[in-house]
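S.K.: next come a sequence and a model predicted from it.
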Amino acid sequence: MKTIQKLLPFLFLAFLVFAACTKFDQNKILGTWISLDKTDTLSFVDNSSFYQSNKTMRYEHYDYHLDKDSIEIRYRGTLMILVQPTKHKYYLNNLELIIDFRNKMCYGFNSEEITFEKQ
């Protein structure tokens, strides 16, 4: 029992190091993504900016930040209106990006879950 008590702090530290080292690859999101209904196009140009085009907006600038399961989005486009950032759940693999906009209105997007395919 004493051996387990002595090892417990080391096991906890090893767990923290492992958790910190298992990062997701943010570069997977870079590139062009088109919604399945072909109404929205997102162009992720770097690890903090993307551009959106749709029927009413052309190449509008947004800032973003990815966490493991959520994306924070802030409009930075030409209309120069004050828009607070919003956070949304997302799913990302090599060919599919799903963003759930149903929780909070995000400027420039419909309040729905949108599936994008990588181009």
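M.R.: Arrived safely, thanks for sending. Numbering: from 1, shown residues only.
S.K.: could you use CA atoms for every contact and neighbour count after this?
M.R.: Noted.
S.K.: so what's the residue count around Thr56?
M.R.: Thr56 has 7 neighbours, counted by other CA atoms under 10 Å.
S.K.: do Tyr107 as well
M.R.: Residues contacting Tyr107 under the criterion other CA under 10 Å number 16.
S.K.: any idea how far it is from Asn94?
M.R.: The gap separating Tyr107 from Asn94 is 26 Å, by CA to CA, to the nearest Å.
S.K.: ok, now which ones touch the residue positioned nearest the centre of the chain?
M.R.: In the chain, the centroid-proximal residue (CA atoms, centre = their mean) is Ile71; its distance is 3.3 Å. Applying CA atoms under 8 Å, 6 or more residues apart in numbering, we find Ile71 in contact with Tyr64, His65, Lys87, His88, Lys89, Tyr90.
S.K.: give the next helix or strand downstream of the host helix or strand of it.
M.R.: Per DSSP states H and E, Ile71 falls inside strand 70-75. The helix or strand immediately downstream of strand 70-75 is strand 86-92, counting by DSSP H and E.
S.K.: just to revisit the earlier point, now the contacts of Ile71 in JSON lines, with distance to Thr56, pLDDT and neighbour count?
M.R.: Converted to JSON lines, these look like this (distance: CA to CA, whole Å; pLDDT from 0 to 100; neighbours: other CA atoms under 10 Å):
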{"residue": "Tyr64", "distance to Thr56": "21", "pLDDT": "98", "neighbour count": "19"}
{"residue": "His65", "distance to Thr56": "24", "pLDDT": "97", "neighbour count": "14"}
{"residue": "Lys87", "distance to Thr56": "23", "pLDDT": "98", "neighbour count": "20"}
{"residue": "His88", "distance to Thr56": "22", "pLDDT": "98", "neighbour count": "19"}
{"residue": "Lys89", "distance to Thr56": "25", "pLDDT": "98", "neighbour count": "18"}
{"residue": "Tyr90", "distance to Thr56": "24", "pLDDT": "98", "neighbour count": "19"}
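S.K.: and the strands in the protein?
M.R.: Remark: strands assigned in the chain by DSSP state E are 31-35, 41-44, 49-53, 60-66, 70-75, 86-92, 96-100, 113-118.
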